[in-house]
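> Just need the structure, nothing else, for what follows:
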Amino acid sequence: MSTNYQAARVALGARLKELRVEGGLSGKRLAHLTGWQPSKVSRLEHGKQTPKLDDLRAWTEAVGMPAALGELEARLRSLETHYASWRRQLAAGTRARQEAWQATEAAALTVCNFESAVIPGLLQTADYARHMFIRTTELHHTVADIEDGVNARMRRQQALYETGRQFRFLIWEPALRMLFCPPSVMAGQLDRLTGVIGLASAELGIVPLGVDLPVVPTHGFWLYDDRLVMVETIGAELRLVDSAEVELYSRVWDRLSGAALFGQDARRVITRARNALGVG
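I've put the predicted structure just below:
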């Protein structure tokens, strides 16, 4: 969870506590009036739980300050723009999620994507993407519109051939060897990566094992025109727009790029991973 997100949630909790105190209520009394457990009041006030809009409405009514709902709702909406659970993101299916990604990408001229464990979505083959979507929908118990999602991801990849745009990819070498699919599918995926090398609008670098890393590549991220960072965690997607955070990810990108191999050196690393699969 991003530092900004958690800080904003703590601030919202502090504001809720302030309203309760101003209303002359104890935590137990507020819990009684709302029909909640006292522990819920405590979690909300300490920023350990994100309230729903109905929670905020019940809170303002219980403390006798319904006019404060608009302010609290605005704070909540601000949180939601930065953090969205995958269950919510995928509620309409993988196709809708891919189309949302496409809209975000379309607004950027330069897109930088680092991946530490998987092949970037814009470089995936249909077979590889299919296995990824199967695992994702099974994990989150969401709509399994696998083929619609695959087709939407393939349409996203047309952006790689649009003039006036630049895509830069960095992949940590372990991602070339992680099998989320049969070896034959991974072989095709690695063949696809070698075909990207030399593409006019796309730059591909491989951060090799054994290199002295200037930063710890804990997770993948997307950087759009130095104005937006998107991070995928296991449970959610984060959208970071704070200039300090965007600048931090830009520095991380520059340092990983400095440790990466490009051109024929990158091709050799990919070929080694391809040969290790032992398939024709």
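> Which residue ranges of the stretch 51-200 of the chain form helices?
For the stretch 51-200 of the chain, the helices defined by DSSP state H, counting those that start in this stretch occupy 53-62, 69-82, 86-89, 94-106, 126-140, 146-156, 183-196.
> on contacts alone, who are the packing partners of the fourth one?
Contact partners of helix 94-106 among helices and strands, from 3 or more Cβ pairs under 8 Å, 6 or more residues apart in numbering; DSSP states H and E: helix 126-140, helix 146-156. Quick note: C-beta positions are derived from backbone N, CA and C, even for glycine.
> can you check the third one too?
Contact here means 3+ Cβ pairs under 8 Å, 6+ apart; on that basis helix 86-89 packs against helix 126-140, strand 236-240.
> among those, which is nearest Gln49?
With Cβ to Cβ as the criterion, Gln49 lies closest to strand 236-240 of the helices and strands packed on helix 86-89, at 14.8 Å.
> what's the angle from that closest one to helix 69-82?
100 degrees (axes from the mean of the first three to the mean of the last three Cα atoms, to 10 degrees).
> My read is that Ala91 contacts Thr142, right?
Yes. Applying Cβ atoms under 8 Å, one finds Ala91 in contact with Thr142, separated by 6.6 Å.
> So which residues make contact with stretch 61-68?
With contacts defined as Cβ atoms under 8 Å, 6 or more residues apart in numbering, stretch 61-68 is touched by Leu19, Arg20, Glu22, Gly23, Leu25, Leu30, Leu33, Thr34, Thr60.
> Show me which pair in those is furthest apart.
Glu22 and Thr34 (16.5 Å).
> More neighbours: which of those two?
Each of Glu22 and Thr34 has its neighbours counted (other Cβ atoms under 10 Å); Thr34 has more, 16 against 12.
> Need the pLDDT of Ala187.
Looking at Ala187, its pLDDT is 98.
> what's the burial count for it?
18.
> Over to Val196?
Val196: 18 neighbours (other Cβ under 10 Å).
> List the contacts of it.
Contacts of Val196 (Cβ under 8 Å, 6+ apart): Leu123, Phe169, Ala202, Leu204.
> Now rank those by neighbours and give me the top one.
Leu204 (25 neighbours).
> Next, that residue: secondary structure please.
strand (DSSP: H, G, I helix; E, B strand; the rest coil).
> how near is Asp226 to Leu69?
36 Å (Cβ to Cβ, to the nearest Å).
> and the residue nearest to Leu79 when sequence neighbours are not counted, how many neighbours?
Leaving aside its chain neighbours, Leu79 sits nearest to Ala8 (5.6 Å; criterion: Cβ to Cβ, 6 or more residues apart in numbering). For Ala8, the neighbour count with other Cβ under 10 Å is 19.
> start at 478 instead
Sure thing, new numbering starts at 478, so read that last one as Ala485.
> Please identify the helix or strand for Ala485.
Here Ala485 sits within helix 480-499, counting by DSSP states H and E.
> tell me which residues in that helix are buried?
Asn481, Tyr482, Ala485, Arg486, Leu489, Gly490, Leu493, Lys494, Leu496, Arg497 (16 or more other Cβ atoms under 10 Å).
> will you turn the helices of the stretch 528-677 of the chain into CSV that also has distance to Leu725?
Listed next are the helices of the stretch 528-677 of the chain as CSV, based on distance: least, Cβ to Cβ, whole Å:
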stretch, distance to Leu725
helix 530-539, 31
helix 546-559, 15
helix 563-566, 24
helix 571-583, 20
helix 603-617, 27
helix 623-633, 27
helix 660-673, 27
